[in-house]
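>>> Have a look; sequence and predicted model below, questions after that.
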Amino acid sequence: MKPLSQVWPDEFAARYREKGYWRSETFSSFLRARAAELPEHVAVVGGEHRWTFAELEARAENIARGLLALGLKPGDRVVVQLPNIAEFLAVVFGLFRARLIPVYALPAHRIVEITHFARTAEARGYIVAASHDGFDYRTLAGEVQREVPEVTHIVVVGEGGPFTSLDALPTGDVDLPPDADPSEVAFLQISGGSTGLSKLIPRTHDDYIYSFRASAEICKLTSESVYLAALPVAHNFPMSSPGVFGALHAGSRVVLSPSPSPEVAFPLIAREGVTITGLVPPLALLWLQAAPATTHDLSSLQVLQVGGAKFLTESARRVKPVLGCTLQQVFGMAEGLVNYTRLDDEEEIIVSTQGRPISEGDEVLILDDSGHPVPEGEAGNLLTRGPYTIRAYHNNDGANARSFTPDGFYRTGDVVKRTQDGYLVVQGRATDHINRAGEKISAEEIEDHLLAHPGVFDAAVVSLPDEFLGERSCAFVIPQGEKPKAAALKAWMRTRGLADFKVPDQVVFVDAFETTAVGKVSRKELRASLRRRFLEAAEAEK
Ligand code: AMP
Ligand code: DBH
């Protein structure tokens, strides 16, 4: 098994400790501390469950013992694919307690993504919900096990069918291992996959706990706060910015919403007195539309965070008047760096920037394409390094060579400007992915799938501006033989075992792709020129 590591050079690690960013806490040690300080405080509300900190810790311990009794060994990686249910937290704290390594998959992921995670992480376990949103994950688990037989242990939250149910884990007399070393990798997070398949992001206890502890401070969370996880909780934003972990670290209550829709989330806000939640821009627009007519009392909500994709200033301006709460823009990435507007910032900063970094330890460079700093206030490529930004992906030399500079800066792929006060304004990006309502889709990955269709000679996938999604995906396809229908091509993509959000929103057939006199243009230039010509043609038709 490839060892997991995330290593900062010694002088950096020493400085991050000395500055008090890294405090040698682990997931298990902080939960134990909260359970001791606030044993009766309700920590987690999800579905029918209301668990106190003491109950959450006890459940995590039982799960830890059960998973080890089942045959998993400390250090084994376990793909976790659970929706927003209370068990998500019991399971991941259980994994941490057993020194097992969660690999976080989203509920939308399907066979292609899960087998990729399982193979790349060399996972031995896979934990799913029986079903969610009309999809049976036990069927998927069976397929995963057939394709990756090394995944020997499947555990199901709910009715297990052919697999072990979480409630029926063995209760053998197993010793739990000592706590992890805080500089060890605690879990693998998933990158949005800007080029090709998602990369695995090893995060340590030290670095990740710093990011959400500091985030909880920025968001002024206390034991009186109530955080609503509306987005899928495996995503880095609701997980850590400050997310469910930041909330629990601060002794706040976490409420898990099975769906981010106003119909489901609004009654929960009213019932639980939710004080803070986070959304992607399209959902924020839906909430703004639904709030004026709702009969549910939303007055407990103090902060609405919006991030994952650019929230336009004109929409941002409506948050305070319509919802009566403070907007916080959040610009982050699973690789590390997270920026926030601060709660007491002037309204103009809140509505027109994507915030500033969490930490004084965050180093930010804004460089032109030849690697020189741009003049202050101008747009350039964002690079960053700091106490919670990774130095390497797991087992991916190619991506590591592309994504990190020799002195350890992460190339985010984002193009930003910095204001005089140090706030970042996202202008766009240098990489060819589609940010569809906060879900990042790699153009390359989708092109590869399209090329497998017999009626496709060549394909280029680009993002187009979309009023609701922010960006939608459009596949330009050169057909061969019998030209497929756009709807048929999309339907075929749905059978490929990919997350549904990756199916192109639009398919446009073209006769040929432009080449220059010198020969082939790069895929990047090709995508840019297809996008430009399509938008010009659409404009001309208006
Ligand atoms: P991921 O790789 O899935 O973790 O996605 C991180 C990327 O999402 C960032 O590098 C940005 O491109 C994008 N992103 C996140 N938050 C924002 C935001 N508030 N505004 C614009 N882009 C964002
Ligand atoms: O989009 C993201 O990945 C993201 C957005 C906001 C993120 O990882 C985060 C905050 O931590």
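Thanks, I have the structure now. Ligands and ions are numbered 1, 2, ... in the order given.

>>> My guess is Trp51 contacts Val44. True?
Yes: the pair Trp51 / Val44 is scored as a contact, 4.7 Å apart, by C-beta atoms under 8 Å. In this view, the C-beta of every residue, glycine as well, is placed from N, C-alpha and C.

>>> between those two, who's got more neighbours?
Val44 (26 against 20; other C-beta atoms under 10 Å).

>>> Can you name every helix or strand that whatever helix or strand that one lives in contacts?
In the assignment (DSSP states H and E), Val44 maps to strand 42-46. Judged by 3 or more C-beta pairs under 8 Å, 6 or more residues apart in numbering; DSSP states H and E, strand 42-46 is in contact with strand 49-52, helix 53-70, helix 86-97, strand 253-256.

>>> now with 10 Å?
helix 27-37, strand 49-52, helix 53-70, helix 86-97, strand 226-229, helix 243-249, strand 253-256, helix 262-272 (3 or more C-beta pairs under 10 Å, 6 or more residues apart in numbering; DSSP states H and E).

>>> quick one: Glu87 from Asn62, how far?
Plainly put, Glu87 is 12 Å away from Asn62 if you go by C-beta to C-beta, to the nearest Å.

>>> Repeat that for Leu365.
Counting by C-beta to C-beta, the gap from Leu365 to Asn62 is 47 Å.

>>> And for Pro479?
The value you get for Pro479 to Asn62, if C-beta to C-beta is used, is 57 Å.

>>> returning to that earlier point: anything in contact with each of Trp51 and Val44?
Common neighbours of Trp51 and Val44, counting by C-beta atoms under 10 Å, 6 or more residues apart in numbering, are 59, 86-87, 89-90, 254.

>>> Could you turn the buried ones of these into a PyMOL selection?
Provided next is the PyMOL selection string for whichever of the shared contacts of Trp51 and Val44 are buried by 16 or more other C-beta atoms under 10 Å:
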select buried, resi 59+86+87+89+90+254
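
>>> how about CSV for the shared contacts of Trp51 and Val44, with pLDDT and distance to ligand 1 added?
Formatted as CSV, the shared contacts of Trp51 and Val44 follow (pLDDT from 0 to 100; distance: C-beta to the nearest ligand atom, whole Å):
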residue, pLDDT, distance to ligand 1
Arg59, 98, 29
Ala86, 98, 25
Glu87, 98, 24
Leu89, 99, 21
Ala90, 98, 25
Val254, 99, 21
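
>>> For the stretch 351-500 of the chain, which residue gets nearest to ligand 1?
Nearest residue of the stretch 351-500 of the chain to ligand 1: Val426, at 3.9 Å (C-beta to the nearest ligand atom).

>>> what's the offset of the helix or strand harbouring that residue from the middle of its chain?
When elements are assigned from DSSP H and E, Val426 belongs to strand 424-429. Its chain's C-alpha centre and that of strand 424-429 lie 19 Å apart, by C-alpha atoms, centre = their mean, to the nearest Å.

>>> per-residue confidence averaged over that strand?
Across strand 424-429, the average pLDDT comes to 94.

>>> so after it, what's the next helix or strand?
Where DSSP H and E defines the elements, the next helix or strand beyond strand 424-429 is strand 433-436.

>>> Can you spell out which helices and strands pack onto that following strand?
strand 439-442, helix 443-451, strand 456-466, strand 470-479.

>>> buried stuff in the second one?
Pointing back at helix 443-451 there. 443-447, 449-450.

>>> now those as a markdown table including distance to ligand 2 and pLDDT?
Listed next are these as a markdown table, based on distance: C-beta to the nearest ligand atom, whole Å; pLDDT from 0 to 100:
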| residue | distance to ligand 2 | pLDDT |
| --- | --- | --- |
| Ala443 | 17 | 93 |
| Glu444 | 19 | 91 |
| Glu445 | 17 | 93 |
| Ile446 | 19 | 95 |
| Glu447 | 23 | 94 |
| His449 | 23 | 95 |
| Leu450 | 25 | 96 |
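
>>> Among those, which one lies nearest to Ala118?
Minimum distance to Ala118 across those is 17.2 Å, recorded for Glu445 (C-beta to C-beta).

>>> Against Gly481, how distant is the spatially most central residue of the chain?
Centroid-nearest residue in the chain: His235, 2.9 Å away (criterion: C-alpha atoms, centre = their mean). From His235 across to Gly481, the span is 40 Å (C-beta to C-beta).

>>> What of Val508?
Distance from Val508 to Gly481, by C-beta to C-beta: 18 Å.

>>> Tell me which of those two has more neighbours.
Ranked by neighbour count (other C-beta under 10 Å), Val508 and Gly481 place Val508 first, with 15 against 9.

>>> Now do the SS call for the more buried one.
With DSSP: H, G, I helix; E, B strand; the rest coil as the basis, the three-state label of Val508 is strand.

>>> Return the set of residues that bridge with the spatially closest residue to it that is not a sequence neighbour.
Nearest in space to Val508, with sequence neighbours left out and distances taken as C-beta to C-beta, 6 or more residues apart in numbering, is Phe476 at 5.2 Å. Beta-bridge partners for Phe476, by DSSP bridges, are Ala460, Val508.

>>> Phe476: neighbour count?
So Phe476, with other C-beta under 10 Å, has 24 neighbours.

>>> Pretty sure Ala486 is one of the things it touches, is it not?
No: using C-beta atoms under 10 Å, Phe476 makes no contact with Ala486, being 11.4 Å away.

>>> what residues are shared contacts of those two?
504, 506-509.

>>> possible to save those as a markdown table with distance to Leu228?
Converted to a markdown table, the shared contacts of Phe476 and Ala486 look like this (distance: C-beta to C-beta, whole Å):
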| residue | distance to Leu228 |
| --- | --- |
| Pro504 | 32 |
| Gln506 | 33 |
| Val507 | 37 |
| Val508 | 39 |
| Phe509 | 44 |
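
>>> I appreciate the help and will end here.
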